[in-house]
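> here is a sequence with its predicted model. Questions after.
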Amino acid sequence: MRKLTASRRLFLGGAAVAIALPFFESLTPREARGAGTAAPKRFMACFMPNGFDMADFRPTSASGTPLALGPMMASLADFKDHLLVLGSLQNTKQDHPLGDHSGGIGSMLTNHTVIYDTEKMGGPSIDQVVAKQIGGTTKLPSLELAGEPGATEGSCDSGYRCSVGNHIAFDSTGTPLPKLYDTGQIFDRLFQGFDPGASQADIARRNEYQKSILDSVLAQATELKAKLNAADNVKLDEYLSAVRQVETRIEVSTGGSCMPPMKTTGQLSDQQRAEVLNDLVALAFQCDITRVATLMWGNVTSNRNYAAIGAAGGHHDISHHGGNPDNIAKLKKIGKWEMDRLAYLLAKLKALPDSDGRTVLDNTLILYSSDISDGDAHNHDDMPVLLAGGGADFTMNRYVDYKDKPHFGDLFISIANAFGDASVTTFGEHGTKPLDGLKV
Amino acid sequence: MPNLKLTAGSCIGAVSCVLLSVVSGCTGFMQGDPAGNNATTTGPGPNQGGSGGTTTVGGGAGGTTMTAASKPEVDVITMRRLNRTQYSNTLQQLTGSKQDFAEKLPADDLSFGFDNIGEALTVQPLHIETFSSSADAALDDLFALPAGDATRSRVLACDAQTGGHACVLSTVLAFATQAFRRPVTEAEVTPFVSIADKFTMTGGKATDGLKLALKAVLLSPHFLFRVELDPSPTAKDVHPLSAYELATRLSYYLWSTMPDDALLASAKSGNLTTDAGLTSEVTRMFNDPKAKALVSDFAGQWLNIRRVTAVKPDAATYPNFNADLAVAMQTESSMMFQELLAQGRPITDLLTSNFTFVNKALATYYGLPAPAGDGFSRVMLDGSHRAGFLMQGSFLTLTSNPTRTSPVKRGKWVLEQLLCSPPPPPPPGVNISGVDGGGQSVRAKLEAHRAKEPCHSCHSIMDPIGLSFENFDGVGAFRAADQYGPIDATGTLPTAAGPVNFNGALELMPILVKDERLAPCAAEKVLTYAVGRGFSKDDAIAVTNVLNATNASGQGLRGLIGSVALSQSFRSRRAVGE
């Protein structure tokens, strides 16, 4: 594959056919918003598998003082004003006996304990709480993305179902939201139905009949419901809820849209995939196709081979470093690479002008974390937590280390409140109050 | 996973460590007397006898008989949505479209190792949106078929432009009958036909109106789910499936797609619900090319063959490995499984078969004489380093890390997938630091690791199994030595008759095939795949009955698959559990 200038080109599912246009600059939202209009807020959560080398992750500055970044975050230096690093939070109960990876994944955004042999989580996850608050009339309430394909066989994590190890986003019933891996599929999800040639009347007629079809199958399902046992009705309820949500979106969606860039197909390197995913999120945010996104860069115990950056081996295998200096050196490289990809996203969002005259980054909050802290110790306290962007009214450019090890739930109360949902006063199992110290 | 109620630090002392091994499935030793003449060595499975609550099927703890209450043979299952493979196959069959609709859908979550378990098959807005756009695409393909095409003639038997309401009604009724896999009443499709009528009466083209009605069929819960009804949704009684429900179960089990006309005819006549009728349909379907779904979907997941092409061994470490070889390895394992099925071979042949299938590239890779021609040929393995699935490139590659073998993964895989005795992860608080010291052979590292409690109870089983494969590198190539010196593939496994020594994987297989857990485990996997709920050691009655029927059939793996179709677990259901 030839060398890429990724910042200027978009690869979508790509047989290496680049769009040689600086596409972001060429795209204008269909209903261009004038400067000074209030811009929407956006929220994104990123899951990176297998923890980090915490020595390199942790800022070198003292708690409460302006940020001095550790070696892993060197490439984020330009964005310090948009960063807040939180130390010593915990994402699930530390005494969880088995399968720490899934234990930290299902709980990452829900703050509920993951139960063995159970398909559902306690829900909803914070992204869905925020989506309900700010989703507005966008085409998609939220967008769930994956950096690895779903498992195709075998077990995922001892004692746990795959559904709680391969998802971070869960609806209010604790059912996982499926995530998309293929960049072509993601493209279709963002731009499906985009038909610049269709008149308003055409679109209205199409929507009317789509709704008629959904109404007819809803009626059929409702009739079926009375005949089904309890187990089957769980599934039929999922169906009813999903169809109603699709129907509601048809009714309310008046949100932004964009002229889609060209879609291409083919193999992607890890770096290309990360950049395409970030490009798509940035595009979806700027065009107001959605305001909430989650990205799982890997599945539970992801064993991706980072040979391309001099860290050959399986990531999960390496993360059980056993004190081996070679493994630790590789983990530092992987963590640095992951932060470099975040820097790419932040740069992208910072370069996008928003309707209020600020940048999209100024109106976005990104939560960045993992399932565990140190891959060898498998601990769930001292979690790596990074907040980026200006989407919440938090005081950035700081490191805050919490001595009393609060749960993620407290942070989620603060995030929900920051996005305008004051009704959230508890979250999950352990969130009891807004997290102190986010604002000074 | 039953009884996993361990608390932090529960496995510190020797007594609680024994408990850990018992409740978690890490038994103290292999189950089966290697000196004895266990039925698994000669037949498809042991005749365990009995179907009560006391049984040795599924393996007891420490080789002793465990008394445990079995679940009822017929337990509650959750209504299954078509998974993405089944959805794509079915939509293609209904409309004649050749598009791959599976890859448009998000991946289905696995449960109990399979992607067709009702509880894990969710429905979210993304699914509905994708079903909707896929229905549009498939129907466009249907209407674009040339006149005279068989599918077009069957589905679009009249011209909606000239035939009006009557044509639309008959078309939708016939289509829904196919799509719902059962007789459909006019009342059921009337709301769909009304959409078409309204569209046409307001100036739309009649064929476009018909498409809307057909699309509604494809979004109906009766199409997307495999609906099975109970006489009462709240009664505990076990009752047989209706003939059409059974036809649908059978079709998705053996073919991963909808029933064909012959199967529906057998349901209509009532023949299918008789033992003879069901047996005859199973035989017919087994011999249909669509039964290859058992290889790609059942064996592909049970043996993990699906993943071989997705693992990415490190190119610098393994310069001789490439994507074509991965595909060849996948083909090899698939063809061997197909052959064992076709020939009705015993389950144990999976581990011991002295033949395989190779193309030129794979033969060269294995050091076998290259077959003539470009395709795959059946070759004998006598005198080679290999026998059975566990010495094929696929298994050896998919259980390795990108740059090295993982004897632990290989040993764990055997316990998990072949003996249904998954070891638990390390208990909390276990300090595994320092195990990977570097500069040591993998055997030396594991020995240091295994010496520690509480690691010993599980690793004394996992490690010797995994280390026996050390003559095969991380991409399945044979090696006499690695960077640390000559390979030592010797091992000792504790058994009921005392420790047994072996040297290498070829010598391990005769010990493994005598393990009493092998046949019940295979039965658990087939039942799980067929019925759509997790079968485990708690299902001794269901497993025993299936294994008895399998033994009586004398048809090994093939008999097992047929016996499951004939079992009460498969043919009956209940609304509420006991």
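Everything's here; your move.

> dump the residue contacts of the closest residue to chain B within chain A.
The nearest approach of chain A to chain B comes at residue A:150, 2.6 Å away (Cβ to the nearest Cβ). Quick note: C-beta positions are derived from backbone N, CA and C, even for glycine. If you count contacts by Cβ atoms under 8 Å, 6 or more residues apart in numbering or on different chains, residue A:150 has them with A:166, A:179, A:181, A:299, B:106-110.

> kindly report the same for residue B:79.
A:228, A:231-232, A:235-236, B:118, B:225-228.

> burial check on residue 77, number of neighbours?
Because you didn't say which chain, this covers chain A. Using other Cβ atoms under 10 Å in any protein chain shown, residue A:77 has 12 other residues around it.

> my question was about chain B
Counted by other Cβ under 10 Å, the residues lying close to residue B:77 total 21.

> over to the nearest residue to it once chain neighbours are set aside. Which of the three states is it?
Spatially, and ignoring its direct neighbours in sequence, residue B:77 is nearest to residue B:533 (4.6 Å; Cβ to Cβ, 6 or more residues apart in numbering or on different chains). Going by DSSP: H, G, I helix; E, B strand; the rest coil, the secondary structure assigned to residue B:533 is coil.

> what number of residues lie near residue B:533?
Using other Cβ under 10 Å, residue B:533 has 22 other residues around it.

> on the pLDDT front, check it for me.
For residue B:533, the pLDDT comes out at 95.

> what do you get for residue B:469?
If you check residue B:469, the pLDDT there is 98.

> for stretch B:209-224, what is the distance to the chain centroid?
30 Å (Cα atoms, centre = their mean, to the nearest Å).

> give me the number of residues near residue A:204?
Counted by other Cβ under 10 Å, the residues lying close to residue A:204 total 10.

> again with residue A:333
18.

> I'd like to know how far the residue of chain A closest to chain B sits from residue A:352.
31 Å (Cβ to Cβ, to the nearest Å).

> close to chain B: what parts of the stretch 251-400 of chain A are there?
A:303-305, A:307, A:312-314, A:317, A:320-327, A:376-377 (Cβ under 8 Å from any Cβ of the partner chain).

> hmm, which of those are the buried ones?
Buried members of these, scored by 16 or more other Cβ atoms under 10 Å in any protein chain shown, are A:303-305, A:307, A:312-314, A:317, A:320-322, A:324, A:327, A:376-377.

> quick one, strands of the stretch 201-350 of chain B?
Using DSSP state E, counting those that start in this stretch, the strands of the stretch 201-350 of chain B run over B:225-226, B:239-240.

> does the last one reach chain A?
No - contact of strand B:239-240 with chain A (Cβ under 8 Å from any Cβ) is absent, the minimum separation being 11.9 Å.

> mind listing what that strand pairs with, with the direction of each?
Take DSSP bridges as the rule and strand B:239-240 pairs in its sheet with strand B:572-573 (antiparallel).

> redo the contacts of residue A:150 as a markdown table? Include pLDDT and distance to residue A:254.
As requested, those are exported to a markdown table (pLDDT from 0 to 100; distance: Cβ to Cβ, whole Å):
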| residue | pLDDT | distance to residue A:254 |
| --- | --- | --- |
| A:166 | 93 | 34 |
| A:179 | 96 | 26 |
| A:181 | 94 | 30 |
| A:299 | 94 | 36 |
| B:106 | 95 | 26 |
| B:107 | 94 | 32 |
| B:108 | 96 | 33 |
| B:109 | 94 | 33 |
| B:110 | 93 | 39 |
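
> which one of these is nearest to residue A:277?
Set against residue A:277, the nearest of the contacts of residue A:150 by Cβ to Cβ is residue A:181 (9.5 Å).

> what sits closest to residue B:176 if chain neighbours are left out?
Nearest to residue B:176 is residue B:184, by Cβ to Cβ, 6+ apart, at 4.4 Å.

> would you check that the one you found makes contact with residue B:175?
No - applying Cβ atoms under 8 Å, one finds residue B:184 not in contact with residue B:175, separated by 9.1 Å.

> so those two - more neighbours on which side?
Between residue B:184 and residue B:175, residue B:175 has the larger neighbour count (other Cβ under 10 Å), namely 26 against 20.

> tell me what the helix or strand hosting that one is packed against?
Element membership for residue B:175 (DSSP states H and E) is helix B:160-180. Using 3 or more Cβ pairs under 8 Å, 6 or more residues apart in numbering or on different chains; DSSP states H and E, the elements in contact with helix B:160-180 are helix B:84-95, helix B:150-155, helix B:186-201, helix B:206-219, helix B:221-224.

> hmm, try it at 7 Å
Applying 3 or more Cβ pairs under 7 Å, 6 or more residues apart in numbering or on different chains; DSSP states H and E, we find helix B:160-180 packed against helix B:186-201, helix B:206-219, helix B:221-224.

> below-threshold pLDDT in the stretch 201-350 of chain A: ranges please.
For the stretch 201-350 of chain A, the stretches with pLDDT under 70 are A:255-257, A:264-265.

> do a quick rundown of the helices in it.
Along the stretch 201-350 of chain A, counting by DSSP state H, counting those that start in this stretch, helices occupy A:230-252, A:270-286, A:315-319, A:325-351.

> contact partners of the third one?
Residues outside helix A:315-319 that contact it (Cβ atoms under 7 Å, 6 or more residues apart in numbering or on different chains) are A:49-51, A:301-304, A:306, A:311, A:327, A:330-331, A:334, A:375-376, B:401.

> now do the first one
Outside of helix A:230-252, the residues within contact range by Cβ under 7 Å, 6+ apart are A:137, A:175, A:207, A:210-211, A:214, A:217-218, A:221, A:224-225, A:228, B:76, B:78-79, B:81, B:118, B:122-125, B:127-129, B:221, B:225.

> how about stretch B:220-235?
Contacts of stretch B:220-235 (Cβ under 7 Å, 6+ apart): A:217, A:220-221, A:224, A:227-229, A:235-236, A:239, B:79-82, B:131, B:179-180, B:217, B:239, B:241, B:245, B:248, B:252, B:573, B:575-576.

> write out the residues of the stretch 451-578 of chain B neighbouring chain A.
Neighbours of chain A within the stretch 451-578 of chain B, by Cβ under 7 Å from any Cβ of the partner chain: B:575-576.
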